[in-house]
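> Kindly return the folded structure for what I paste below:
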Amino acid sequence: MKNKILLGLLVGSLAMSSASADMYVGVEYGVASNTDKIESSSGGSAEQDNAYSDLKLKIGGGEDGGIKAQISLSMITYDKTIFDYTNKDLAELGVDIIKEFEVTKDIYPFLKVGLGYGSMTVEGYAEDSIAEVSFNFGAGVSYKAMEHVYLIAGIDFIGRTWQDIQAVYTYSTTGSATKPYVGLNYQF
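Residues are numbered from 1 along each chain as shown. Got it, this is the predicted structure:
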């Protein structure tokens, strides 16, 4: 509950602060190499490579060559299941802060840091869904292709921690991923 309140406050302050800045909407698509590590309260642990694809819809604001802020909704689909045999889909709400550096009037390399909170439906446990939080940092470049259109390419490094689940034992799950992506922003 505390995480949801904090995320709500961050999103609200982001929306108010970017109201006076140049607003944009965008879409990104990335494919991540990911490793999930599952640890049991019995002392055992296991790792699995579990790549995923990520389609992200975003809205943000800020000055070209300056600081930007954005909120996003990611639809993530894992190659393999993590918690049960039925669901590989994660929906995640994220907040990112981006610092751009102007090289020319059309090329803006950037650094990015962000947080995410998401949920995945599961079956066979006491809970119907499992929550996660993520932290990401990355770098990329934004290219102004036309008057209001920006092409984006970058790479994010992501750490994810899932809510503990109860079965016979308690299982703690973490993930780490490297995600290259491409995208498109339309600035108003």
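
> Show me the strands in this structure, by range?
Using DSSP state E, the strands found in the chain span residues 23-40, 45-49, 52-62, 67-78, 89-100, 107-121, 129-144, 149-162, 165-166, 170-187.

> helices or strands next to the fourth one in the packing?
I take that to be strand 67-78. With contacts taken as 3 or more CB pairs under 8 Å, 6 or more residues apart in numbering; DSSP states H and E, strand 67-78 sits against helix 2-17, strand 23-40, strand 52-62, strand 89-100, strand 107-121. Bear in mind the C-beta positions are built from the backbone N, C-alpha and C, glycine included.

> Next, the buried residues of the longest one.
If you call a residue buried by 16 or more other CB atoms under 10 Å, then strand 23-40 has these buried ones: 24, 26, 28, 30, 32, 34, 36, 38, 39.

> can I get those residues in JSON lines with pLDDT and distance to residue 118?
Listed next are those as JSON lines, based on pLDDT from 0 to 100; distance: CB to CB, whole Å:
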{"residue": "24", "pLDDT": "97", "distance to residue 118": "23"}
{"residue": "26", "pLDDT": "97", "distance to residue 118": "19"}
{"residue": "28", "pLDDT": "98", "distance to residue 118": "16"}
{"residue": "30", "pLDDT": "98", "distance to residue 118": "15"}
{"residue": "32", "pLDDT": "97", "distance to residue 118": "14"}
{"residue": "34", "pLDDT": "95", "distance to residue 118": "14"}
{"residue": "36", "pLDDT": "92", "distance to residue 118": "14"}
{"residue": "38", "pLDDT": "89", "distance to residue 118": "18"}
{"residue": "39", "pLDDT": "92", "distance to residue 118": "20"}
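
> Quick one, grab the pLDDT at residue 171.
If you check residue 171, the pLDDT there is 86.

> and if you look at residue 125?
76.

> Okay, now the unreliable bits of the protein?
The model of the chain has pLDDT under 70 over residues 1-21.

> same thing but 90
Across the chain, residues meeting the criterion (pLDDT under 90) sit at 1-22, 38, 40-44, 81-87, 122-129, 165-171.

> sorry, back to before: which of the buried residues of strand 23-40 sits closest to residue 141?
Taking CB to CB as the measure, residue 141 lies nearest residue 28 of the buried residues of strand 23-40, at 13.3 Å.

> these two touch, right, the closest one and residue 183?
Yes. In this structure, residue 28 is within contact of residue 183 by CB atoms under 8 Å, at 3.4 Å.

> Which neighbours do the two have in common?
Both residue 28 and residue 183 are contacted by 56, 152, under the criterion CB atoms under 8 Å, 6 or more residues apart in numbering.
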